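A.B. asks: What follows is a predicted structure for the sequence shown.
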Amino acid sequence: MWSHFQNILLILMPLFIGFACKLPKPYVQMTDRLLSVLVYVILLLIGVELAQVDNLGQELGKMAMYAALLFILLMMCNLLILFWFDKLFFKQHPFQPSQTTRQKIRFADSAKQMGVLIFGMILGVGLPENWLPPHQSGQYALMTLILIVGIQMRGNGIALRQILLNKHGLYLSAWFMASCGLAGLLFAAILPEVGWAKGLALSSGYGWYSLSGIVMTQAYGATWGGVALLNDLWREFAALMFIPLLMQRFPSSAIGLGGATSLDFTLPIIQKSGGLAAVPVAVSFGFIVNLVAPFLMVLFSTIG
C-alpha cells in the first residue's frame, strides 16, 4: 500500500512544488516555450517506447481499435451527461461570443504532435539499442512537465481559493469526471481482458496525453500507453472542432469537451466562443481535472 502512495506522491509532488514557486512574469512566459518543447520531447520518447513493442504492426491495429472504442465511449458519456447538466442548470446560457477576431482552429499543432510521435517510432526502430534513451527518461520528462504546469498556474494568478469557489467549474468537473468513469467501466465491461481498475485508469487522462501516455506505459506497457495517448489526442481534435459549435446551446459541454486542455490549449477557443465570462469556469474546471488526473491514473493503475 505504501508503494501506491509513493507513486502518487511522485506524480503530484512536482505540481505542488511548482505551484509554490512564484516567478516574475517574464520567467513565466519563458516556461511557455519550455513547456512546448517538453511536450514534443515526451511524445518523441513515447514513440521510441512504442517502437520496442513486439509485433508492432499487429499491436498498432489493436491499439487503434481499443483507442477508438474508448474515445467513442468517452465522447458519448461526456456529452450525454453534460448536455443534461446544461439543460438542468443553465436554461439561459451565461456566455456570449467575443466580438474580436475568431480564433483559428489549430489542427496544424495537433498534426505536428502526431508527426513527432511517428518520428519517435521511426527512431526507435532504426537506432541501435545502446543509442536509445534510458528507460526512466519519460518519467523524468513527465515530472519536469508537471513542475512547469504548476509554475504556470501560480504565475498566471490562479489561486486555489478562486478555483474552488467557482461553483460552475467545480460542479462541471465533478460531472465530467463521473462521466469519464462511467465510460471507463463500460470499456472494461466490453473487453474481457480489461479489468474495472484498468478501465478507470485509461479513462482518467482527461485529454492530458503527455501524462496519460507515460503513466499508462509504465503501468501496463507501451501498447496501452499508446491507447491512452491516441484517445487523448483525439479528444484534442474533437475539442478544436466542436467547442465553437456547442458553446451557445451547451456551454458546459463545450468546456468539458476539452478536458484538461481547457486550462491551456483550448482556452483561447473557449474565450472566443463564449466570451470573458467563460474563462473563469474553464480555468476552474481545467485546474481541477489537471490536479485530479495524475492522482486517479496512478491510483487505479496500481490497484489493477
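C.D. replies: Happy to help now that I have it. Numbering: from 1, shown residues only.
A.B. asks: Next, count neighbours for the residue nearest to residue 213 when sequence neighbours are not counted.
C.D. replies: Sequence neighbours aside, residue 229 is the residue nearest to residue 213 in space, at 3.6 Å (criterion: Cβ to Cβ, 6 or more residues apart in numbering). (Each C-beta comes from the backbone N, C-alpha and C, glycine too.) For residue 229, the count of nearby residues is 30 (other Cβ atoms under 10 Å).
A.B. asks: Could you identify the helix or strand that succeeds the helix or strand hosting residue 229?
C.D. replies: In this structure, residue 229 is located in helix 222-246 according to DSSP states H and E. Stepping forward along the backbone from helix 222-246, the first helix or strand reached (DSSP H and E) is helix 251-257.
A.B. asks: In whichever helix or strand comes after that following helix, which residues are buried?
C.D. replies: Tracing the chain past helix 251-257, the next element assigned as helix or strand by DSSP H and E is helix 267-274. Across helix 267-274, burial judged by 16 or more other Cβ atoms under 10 Å covers 267, 269-274.
A.B. asks: got it, and stretch 286-301?
C.D. replies: Along stretch 286-301, the positions that meet the burial threshold by neighbour count (16+ other Cβ under 10 Å) are 286-294, 296-301.
A.B. asks: And the helix holding residue 229, what's buried?
C.D. replies: Neighbour-count burial for helix 222-246, with 16+ other Cβ under 10 Å as criterion, is recorded at 222-236, 238-240, 242-244, 246.
A.B. asks: what angle separates it from helix 267-274?
C.D. replies: Going by axes from the mean of the first three to the mean of the last three Cα atoms, to 10 degrees, helix 222-246 is angled at 30 degrees with respect to helix 267-274.
A.B. asks: Show me what helix 222-246 is packed up against.
C.D. replies: helix 25-51, helix 56-89, helix 107-126, helix 196-202, helix 209-220, helix 251-257, helix 267-274 (3 or more Cβ pairs under 8 Å, 6 or more residues apart in numbering; DSSP states H and E).
A.B. asks: Please convert the ones you listed to JSON lines, extending it with distance to residue 154.
C.D. replies: Putting those into JSON lines (distance: least, Cβ to Cβ, whole Å) gives the following:
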{"stretch": "helix 25-51", "distance to residue 154": "8"}
{"stretch": "helix 56-89", "distance to residue 154": "29"}
{"stretch": "helix 107-126", "distance to residue 154": "25"}
{"stretch": "helix 196-202", "distance to residue 154": "28"}
{"stretch": "helix 209-220", "distance to residue 154": "19"}
{"stretch": "helix 251-257", "distance to residue 154": "22"}
{"stretch": "helix 267-274", "distance to residue 154": "17"}
